[in-house]
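J.: structure for the following, please:
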Amino acid sequence: MSEDTDVIIVGAGLAGLRAAQVLDAAGLEVDMFDTAAQVGGRVTSTLVDGFVLDEGFQLINPAYPELIASGALIGFDLRRFAPVIEFSDGRRTTVVADPRAGLVDAMRSVRHPALTVSDAVRLTALLTAVAGRPVSQLMSSPDTTTRRALLEHGISERAIDAVIQPFLRGALLDDELETSWHYSELVLKSLARGRPGTHPLGIGALPATLAATLTRTRVHLGEEVTSVTANEVTSRQRRLRARTVIVASDPSGARRLLGGGDVAWRPQTTWWWSLPSLDDSDRLRIDTRRRFLSSALDLSSVAPERAPRGHSLVAASANVVDAAQDEAVRDDVARLYGVGVAEVQLIRRTPVPRALPVVASPLDLRRTQVIGGVIVAGDYLQTPSIQGALVSGRRAARLALSRLHEPRRD
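T.: Residues are numbered from 1 along each chain as shown. Next up is the predicted model:
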């Protein structure tokens, strides 16, 4: 039987879209399938009562090399937040300034009671090294947990628990800092190089922009794939043959279609709140009193289109899936932003049990998985990030291209 297309991709998340983009640019015909009604996978946005909500708390870092290489940022209306982080208990606020031009300079500006002069000096030296070294050098040293690495660099337990853990837990979704130190280094390096932001249409604007670059790819949305082989995909509507197949779904989707194991996941819940219009609120806030929330941010401070006129949209996140915390989180948000509790109205709670794959040490950035002749892609094979998803997709596409350039055997 002859092939119906060159490559079939199962999954229209960032990994699948980047794979399709590379193959599309190479002049190949691609068919892409996804069960959802829109592209993006876990990177999606929804309009609720005039508020643009994302699937969990997600920001875009324009410094990601693979994001730059994709061309998606050209003309992309990225609204960046102030390079300032506030640690606040509602009465006292400690400011860490300019993490883009320096996590180093940022830590120099800290006047935190838990950060001694010795800790500040050691932390400055560590962040200078992370920001300045190439990734290959960072990855060449033995890996360990983030907490252990910080201790080995001479940072005190007190400074880790009071300053570093509250800062990193929102990015890693890891309250215990058990995440690979190499991955944490990559996170810190990206924050030193780029200032994260959002789009007026939410995080979903990113996959939509990637999809708009495709010219030879047929995207089949709302179509569930039921079986996959190395050269054939069957959905509930059709059966297609191709010279090669890529499964770019999440691990559970790959396991359903191909077998193999799942990965461990870290959860996150984001509470989306409507507040009266706020001033000077374009900075990440970290609660140092109850320490339940990993972060709170007024997304409408830089993208007012994300909220109705006269309202602010605050996303408050925690590394749990917990429906019983609504009122306590309302109190936290009211305290962090200095407004009355009655002025904080819940729009929606977004629990994401499978928010980020666990990144244990040692970190392996070279994985390209093939199961039964099927190429597999996803951020869980790289790093749980926009960068990781895009890199995985690009590597899958290059493997597919190498196969297509091999002599045919039929």
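J.: which element is A82 on?
T.: A82 belongs to no helix or strand when elements are defined using DSSP states H and E.
J.: quick check: the gap between it and D280.
T.: Distance, A82 to D280, using C-beta to C-beta, to the nearest Å: 9 Å. The way it works is simple: take the backbone N, C-alpha and C, and place the C-beta from them, glycine included.
J.: now V96, what's its secondary structure?
T.: For V96, the reduced secondary structure class is strand; criterion used: DSSP: H, G, I helix; E, B strand; the rest coil.
J.: doesn't A254 make contact with G260?
T.: Yes - with contact defined as C-beta atoms under 8 Å, G260 reaches A254; the gap is 6.8 Å.
J.: overlap of the contact sets of these two?
T.: Residues touching both G260 and A254 by C-beta atoms under 8 Å, 6 or more residues apart in numbering: I371.
J.: who's more crowded, those two?
T.: Under the criterion of other C-beta atoms under 10 Å, the comparison of G260 against A254 puts A254 first, with 27 against 12.
J.: so which elements touch the helix or strand harbouring the more buried one?
T.: Using DSSP H and E, the secondary-structure element containing A254 is helix 251-258. Helix 251-258 makes packing contacts with strand 225-228, strand 239-247, strand 374-376 when contacts are defined by 3 or more C-beta pairs under 8 Å, 6 or more residues apart in numbering; DSSP states H and E.
J.: so R266 versus P357, what's the distance?
T.: When C-beta to C-beta is applied, the distance between R266 and P357 equals 8 Å.
J.: please apply the same query to L73.
T.: To P357, L73 is 25 Å away according to C-beta to C-beta.
J.: more neighbours: which of these two?
T.: A count of neighbours by other C-beta under 10 Å puts P357 above the other of L73 and P357, at 22 against 15.
J.: this protein - how does it break down into domains?
T.: The chain breaks down by automatic domain parsing into domains covering 5-43+204-264+361-404, 45-79+197-202+265-357, 98-192.
J.: can you tell me which of those the model trusts least?
T.: Among the domains of the chain, domain 98-192 carries the lowest mean pLDDT, a mean of 83.
J.: close enough to count as contact, I371 and L258?
T.: Yes - taking contact to mean C-beta under 8 Å, the distance of 4.4 Å between I371 and L258 places them in contact.
J.: neighbour-wise, which of these two wins?
T.: Between I371 and L258, counted using other C-beta under 10 Å, the more crowded position is L258 (21 against 16).
J.: contacting residues for that one?
T.: Residues in contact with L258 (C-beta under 8 Å, 6+ apart) are V228, V247, I371, G372, V374, V376.
J.: just send those residues back as TSV, with distance to H311 too.
T.: As requested, those are exported to TSV (distance: C-beta to C-beta, whole Å):
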residue	distance to H311
V228	45
V247	41
I371	48
G372	51
V374	47
V376	43
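J.: of the residues you listed, grab the buried ones for PyMOL.
T.: Applied in PyMOL, the following selects the buried portion of these according to 16 or more other C-beta atoms under 10 Å:
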select buried, resi 228+247+371+374+376
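J.: name the nearest of the contacts of L258 relative to L186.
T.: Among the contacts of L258, V376 lies closest to L186 (C-beta to C-beta), at 21.8 Å.
J.: excluding chain neighbours, what is closest to that closest one?
T.: Counting by C-beta to C-beta, 6 or more residues apart in numbering, the nearest residue to V376 once its immediate chain neighbours are dropped is Q369, at 4.1 Å.
J.: endpoint to endpoint, stretch 217-225 covers what distance?
T.: One end of stretch 217-225 sits 17 Å from the other (C-alpha to C-alpha, to the nearest Å).
J.: so which bits of it are buried?
T.: Under the neighbour-count criterion of 16+ other C-beta under 10 Å, stretch 217-225 has T217, V219, H220, V225 buried.
J.: can you pull the phi/psi pair for the third one?
T.: The phi/psi pair for H220 (degrees, to the nearest 10) reads phi -110, psi 100.
J.: same question, the second one
T.: Backbone dihedrals for V219, given as degrees, to the nearest 10, come out at phi -100, psi 120.
J.: my guess is it contacts A37. True?
T.: No - with contact defined as C-beta under 8 Å, V219 and A37 do not form a contacting pair (11.4 Å).
J.: which one of the contacts of L258 is nearest S45?
T.: V247 (24.8 Å).
J.: count of neighbours near the nearest residue to that closest one once chain neighbours are set aside?
T.: Across the structure, with C-beta to C-beta, 6+ apart as the measure, the residue nearest V247 apart from its sequence neighbours is V10 (4.7 Å). Other residues within reach of V10 by the criterion other C-beta under 10 Å amount to 27.
J.: re the thing from before, now the residue nearest to V376: how far from R243?
T.: The gap separating Q369 from R243 is 19 Å, by C-beta to C-beta.
J.: chain center to the helix or strand hosting D331, what's the gap?
T.: Mapping D331 onto the secondary structure by DSSP H and E places it in helix 326-337. Shown here is helix 326-337, whose average C-alpha point lies 25 Å from the average C-alpha point of the whole chain (C-alpha atoms, centre = their mean, to the nearest Å).
J.: and that helix, C-alpha only, in PDB?
T.: Below are the C-alpha coordinates for helix 326-337, written out as PDB (Å, rounded to 0.1, in the frame of the first residue of the first chain):
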ATOM      1  CA  ASP A 326     -10.400  28.800  48.100                       C
ATOM      2  CA  GLU A 327     -11.200  31.100  51.100                       C
ATOM      3  CA  ALA A 328      -7.700  30.800  52.500                       C
ATOM      4  CA  VAL A 329      -6.200  31.800  49.100                       C
ATOM      5  CA  ARG A 330      -8.700  34.700  48.900                       C
ATOM      6  CA  ASP A 331      -7.300  36.000  52.200                       C
ATOM      7  CA  ASP A 332      -3.700  35.500  51.000                       C
ATOM      8  CA  VAL A 333      -4.400  37.500  47.700                       C
ATOM      9  CA  ALA A 334      -6.200  40.300  49.600                       C
ATOM     10  CA  ARG A 335      -3.300  40.600  52.000                       C
ATOM     11  CA  LEU A 336      -0.700  40.600  49.200                       C
ATOM     12  CA  TYR A 337      -2.400  43.300  47.200                       C
END
